[in-house]
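1. dropping a prediction and its sequence here:
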Amino acid sequence: MSKSDSTIRDIARTLGISKSTVSRALNNHYDVSQETARKVKELALKMDYQPNVLARQLKL
């Protein structure tokens, strides 16, 4: 898997947390601890995570 293929699932699996926690951390949700948000964002940068534009458009 190349870095650009990273998903929320990959981040969650690596950190041992749920996909929803990863999503909330990436979206600065108030219910995620600062430490968890920091770890998620650092790993997302390291893995070159990019949100799926199509999935975001479907949500809206």
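-> That came through fine.
2. only C-alpha atoms for contact and neighbour calcs from this point on.
-> Will do.
3. quick one, grab the pLDDT at Met1.
-> pLDDT, Met1: 46.
4. can you pull the contacts of Thr7?
-> 49-51 (CA atoms under 8 Å, 6 or more residues apart in numbering).
5. any idea how far Gln50 is from Ser33?
-> Using CA to CA, to the nearest Å, Gln50 is found at 22 Å from Ser33.
6. and what of Ala25?
-> Distance from Ala25 to Ser33, by CA to CA: 8 Å.
7. likewise for Leu45?
-> 18 Å.
8. kindly export the worst-scoring helix or strand of the chain on mean pLDDT (C-alpha atoms) in PDB.
-> The least trusted helix or strand in the chain, going by mean pLDDT, DSSP states H and E, turns out to be helix 53-59, with a mean of 81. What follows is helix 53-59, C-alpha atoms only, in PDB (Å, rounded to 0.1, in the frame of the first residue of the first chain):
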ATOM      1  CA  VAL A  53     -13.400  13.700  -1.600                       C
ATOM      2  CA  LEU A  54     -16.200  11.500  -3.000                       C
ATOM      3  CA  ALA A  55     -17.200  10.200   0.400                       C
ATOM      4  CA  ARG A  56     -17.300  13.700   1.900                       C
ATOM      5  CA  GLN A  57     -19.500  14.900  -1.000                       C
ATOM      6  CA  LEU A  58     -21.900  12.000  -0.400                       C
ATOM      7  CA  LYS A  59     -22.200  13.000   3.200                       C
END
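9. for the protein, which helix is longest?
-> helix 34-46 (DSSP state H).
10. got the buried residues for that one?
-> Residues of helix 34-46 classed as buried: 37, 40-41, 43-44 (neighbour count, 16 or more other CA atoms under 10 Å).
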